[in-house]
Structure formats: structure tokens, C-alpha cells
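> sequence first, then the predicted structure:
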Amino acid sequence: MTLLLYTAGVLFFVLAILVSIGLHELGHLVPARAFGGKVTQYFIGFGPTVWSKQVGETEWGVKAIPLGGYVKIVGMLPPGAGDLAEPQGYDEEGRPAYKVRKSNTGLFAQLVSDARAAEWELVGPEDHDRLFYRLAWWKKVVVMAGGPMVNIVIAFVIFLGIFSTYGNPSDVQPVGTQVEEVSACVLPYDEADRPCAAGDPEAPAAEAGLRPGDEITAFNGTPVSDWDELQGLIRDNSDGEAVLTWVRDGQEMTGETSTTVQARPGTGADVDPERLTEVGFLGVSPEAARTTGGPLYTLGEMGTMAVQTAEALVTLPVRVYGVGKAIVGLEERDPDSPISVVGGGRIAGETASTDLIPGLDRLVFLLLLVAGFNFFIGALNLVPLLPLDGGHIAGALYEAGRRGVARLRRRPDPGYADVAKMLPVAYVVASALLVMGVVLIVGDIVVPLSVLPD
């Protein structure tokens, strides 16, 4: 049963990601067609073709490596002066006749020329007004933003469904002053996960007689109905005795204790006991509930996620380098390090097959995993660098700005933005993404992360 559930979890995640990829590419294809563009290919995956079918002018298919997808929109690169002229007519098979200048200025310049030539090999005599680069700048933005925005919408729908019903597992708030857990002893801060041992001082709450399920109603005679208020009173009571009042099974009870506990700084060599502040301590944890919310709450949470994702993208190369060091055994892998689709599938399988997590919680975790991947994919593709969608969006916005300035200054139209000039950057970015992807995949196989306790 465990193997079956593990396999089911992996398949669920893989299928969900493949569907997300397919919808991402539809996010490009649908507006491109709506604006009159020509889309010749729609594929999920890379590498050798597993299956394809020609429907009208578009070839639909699946490739062997399910790590992405693409749509081919004709005319992404404009002809460059000196590199590639507008077609000077067409041959008997409808192929454009053009001139390509072999570059003598370096490898990247030749690659740009070759890319332009390859682009125009797909252009027929009827396609002149359907080329992507000739679209209005705002249409280019809509087409290129369509893919990542689909991923973000998928994430929003999943988050909204969970936050409005189950609640947000990352936003848990105390409910009143109900006690959920009573600590048996006071532990050093860096040993909080170990069980109590002989010699550990008894926690004040246990000494007073509090039990899980009790509802604290007063502290030193001050009525309390909010956990934050109670917590403030406890922390401020560093000078000694405390009288607690609580209700258990409808009966009011009272107990005395001292909330002053000798600071226990821990055992780490880097701990400075002189920097610790002694405060009141009781040793109880409140009953808590997940926060629920609708569309506005979900948008707010996704705004926070966007900031965190931006920070993660900035530090991504460094964090991937850390995974690389973990692969060769130079250090332990950081539990917060990024993972690949392989790692995501592995975590999905573990989650689906464990009996340490209740069934509903497992389903919610799997859905959140899918939503998180979609949100990250959407955010990554909006980075304004080629070959990512954001690079084409940046090119369209640059074109709009340049043409707008020319109109204001009553100067000639500068024409379309030549994104082909940024292809050297695209090659570097693509190579970096490929290397990082390989490192993460290897890391998820050699030093995998796990959601389960050791």
C-alpha cells in the first residue's frame, strides 16, 4: 500500500506540473492567434518527439523530456540591417529569398545572424503581416505575459480554495486563552526538541497544575481573554510570584507559581549568556487555528510570497552552489535549499505515503506544493532576461518607450525593438539555467530533502 500511495503521489505531482506547463503554453498560443499571429508548433516537453499531430497550421505534440514546453510563434526576431533583409520575393515552394551576411565580428554575432536566418526560413509570402515582431507593443506584452500569468492564476485558484476552507497552514493564530500543551520542564533554547531529563527545572505551568484543555481566565488578578495579552503579562512578570486562574470542565481553579526562571543559555560555543534577557516564563502553548480568508486575503499572502520569491531568485545561484557542495560531501544540504521537479515529485510521494500526516493534511500539502511550483514558474518567467518570457516583455516595453519618446520629440519612428541583439545574453542565461537545473536534479537524487522526520 505504501509503494502504491508513493507512486500515486509522484504521478499526481507530475501530471499536475505537466498540465500547468500545457496551460502555460496555451497562455501564449491563445492571444498570439487572437492577434493574428502564426503559431506553427505547440509542444509539451523537450527532446525527441513522442507524438504529434498537425491541426491546421499548428503541430501539436509531446516530447520525451517532460521538463518544460514551448510554442513556436513565427517572426519573433526582426530582420537586422546588414544581417538579414526583408525577403526579396519567394521561390516556387513559397520559401522567402533573403540575404544573410556571414559575420566576421565574432561567435555571438554569427549566432545572431544564424538565428535570424532560421527564423525567416519559416516565413511564407502570406505571413508578412502575421509576424510577431510587427505586432503592437502591448499585444506582444499580452502574448508573452500570458504564459506566466496562467501559472500565477493557477496558484491563486489553489491558494484561494485552501485558504477559504481549510485555512492557511503558514498563518496559525491562538484561539482565546485555551491551553493546548504544557511544558514539563525548562530546556535550553537550543535543546528544545529533546525530552526532559533529570536536573531540568520544572516548568512554572506544570508546577501550578495547569493541564492541556484548561482555559486561563486571569493572571495575577488581571482578567485575560486574549493570548497576546496573557503573553505580555507573563513576560513582564520577571520579578517572581504569579497567581493563575483557569477553568477546567466548567470549574474555576487557582494555582501559584513563580514565572522567574534562571536563564539557560544553551550549549553552543557561540552563545553569549550576557546578551540574554531574563523575562517571565510560564511554559504553555495555546490552542491555535489556521487563518481563513477570501480573495483579498489570498492576494495579500501572494504579495508576501512574491517578495520572498524575488529574494530567492536573487540568491538562487548561491543556493544552488550550496547544493553542489552538498552533492560532493563538502557540507550538509540546507533544508531550505531549492528543489527541482524531481525533488518535488519525491516529496509528493513521501507525503502521499506517510501515515504520520492525516489524510486531509496530506492532500492540502500536495495542492500547496503544486501551487508553489506554479507561482515560482510564473515569477521566474517574468524575470526581464531572454530567453525567459520577461525578456520579450522588456523588449516590447523598451520599444513602446523609445517610440513614445520619438513622438514627443517629433523625431522619426525608430522602428521595432531588435531583441535579437540580446541573444548573447539569452545564451548565457539559458546555459546558467541548464546548469542549475542539472545540479538540482542531481542533488535531489544524491542528497534529497524530505518532509518526514529522521
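It's in.
> going forward, measure contacts and count neighbours with C-alpha atoms only.
OK.
> where do the strands sit along this protein?
39-55, 58-73, 168-182, 215-219, 222-223, 241-248, 251-258, 284-291 (DSSP state E).
> out of those, deepest packed?
Across these, averaging neighbours per residue (mean count of other C-alpha atoms under 10 Å) puts strand 215-219 on top, at a mean of 22.
> run the angle between that one and strand 251-258 for me.
50 degrees (axes from the mean of the first three to the mean of the last three C-alpha atoms, to 10 degrees).
> so which elements touch strand 215-219?
Applying 3 or more C-alpha pairs under 8 Å, 6 or more residues apart in numbering; DSSP states H and E, we find strand 215-219 packed against strand 168-182, helix 227-236, strand 241-248.
> let me see the residues that make contact with it.
177-179, 223-225, 230, 233-234, 242-248 (C-alpha atoms under 8 Å, 6 or more residues apart in numbering).
> any idea how far residue 236 is from residue 361?
37 Å (C-alpha to C-alpha, to the nearest Å).
> actually residue 398, sorry about that
From residue 398 to residue 361 the distance is 46 Å (C-alpha to C-alpha).
> those two: who's more crowded?
residue 398 (17 against 14; other C-alpha atoms under 10 Å).
> who's in contact with that one?
With the criterion set at C-alpha under 8 Å, 6+ apart, residue 398 makes contact with residue 417.
> what do you get if the cut-off is 10 Å, keeping everything else the same?
By C-alpha atoms under 10 Å, 6 or more residues apart in numbering, the residues touching residue 398 are 137, 392, 404, 416, 417, 418, 419.
> are any of those buried, and which?
137, 392, 416, 417, 418, 419 (16 or more other C-alpha atoms under 10 Å).
> ok, so of these, who is nearest residue 432?
For these, the residue nearest residue 432 by C-alpha to C-alpha is residue 392; the value is 18.4 Å.
> returning to what we had before: turn the strands of the chain into JSON lines, columns for distance to residue 314 and mean pLDDT.
Conversion of the strands of the chain to JSON lines gives the following (distance: least, C-alpha to C-alpha, whole Å; pLDDT from 0 to 100):
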{"stretch": "strand 39-55", "distance to residue 314": "27", "mean pLDDT": "92"}
{"stretch": "strand 58-73", "distance to residue 314": "22", "mean pLDDT": "90"}
{"stretch": "strand 168-182", "distance to residue 314": "23", "mean pLDDT": "87"}
{"stretch": "strand 215-219", "distance to residue 314": "46", "mean pLDDT": "88"}
{"stretch": "strand 222-223", "distance to residue 314": "48", "mean pLDDT": "88"}
{"stretch": "strand 241-248", "distance to residue 314": "49", "mean pLDDT": "84"}
{"stretch": "strand 251-258", "distance to residue 314": "48", "mean pLDDT": "82"}
{"stretch": "strand 284-291", "distance to residue 314": "30", "mean pLDDT": "87"}
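> would you format those strands as CSV with distance to residue 452 included?
What follows is the strands of the chain, written out as CSV (distance: least, C-alpha to C-alpha, whole Å):
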stretch, distance to residue 452
strand 39-55, 31
strand 58-73, 26
strand 168-182, 17
strand 215-219, 32
strand 222-223, 41
strand 241-248, 35
strand 251-258, 38
strand 284-291, 21
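> quick one: which of those is nearest residue 426?
When these are compared by C-alpha to C-alpha, strand 58-73 sits nearest residue 426, at 15.7 Å.
> so what secondary structure elements neighbour that closest one?
When contacts are defined as 3 or more C-alpha pairs under 10 Å, 6 or more residues apart in numbering; DSSP states H and E, strand 58-73 packs onto helix 2-34, strand 39-55, helix 341-353.
> show me what contacts residue 353?
Neighbour list for residue 353: 1, 2, 3, 4, 5, 6, 7, 8, 9, 347, 359, 362 [criterion: C-alpha under 10 Å, 6+ apart].
> which among these count as buried?
Buried residues within the contacts of residue 353, counting neighbours by 16+ other C-alpha under 10 Å: 5, 6, 7, 8, 9, 347, 362.
> for residue 23, see how far away the spatially closest residue to residue 70 that is not a sequence neighbour is.
The shortest distance from residue 70 to any non-neighbouring residue, by C-alpha to C-alpha, 6 or more residues apart in numbering, is to residue 43 (5.5 Å). According to C-alpha to C-alpha, residue 43 stands 11 Å off from residue 23.
> residue 375 now?
14 Å.
> overlap in contacts, those two.
Listed contacts common to residue 375 and residue 23 are 148, 150, 151, 154; contacts here mean C-alpha under 10 Å, 6+ apart.
> which one of those sits closest to residue 408?
residue 148 (32.7 Å).
> neighbours around that closest one, how many?
Counted with other C-alpha under 10 Å, the neighbours of residue 148 add up to 28.
> enumerate every residue touching it.
21, 23-25, 27-28, 154, 374-382, 388-390.
> cutoff 7 Å now
24, 377, 378, 381, 382 (C-alpha atoms under 7 Å, 6 or more residues apart in numbering).
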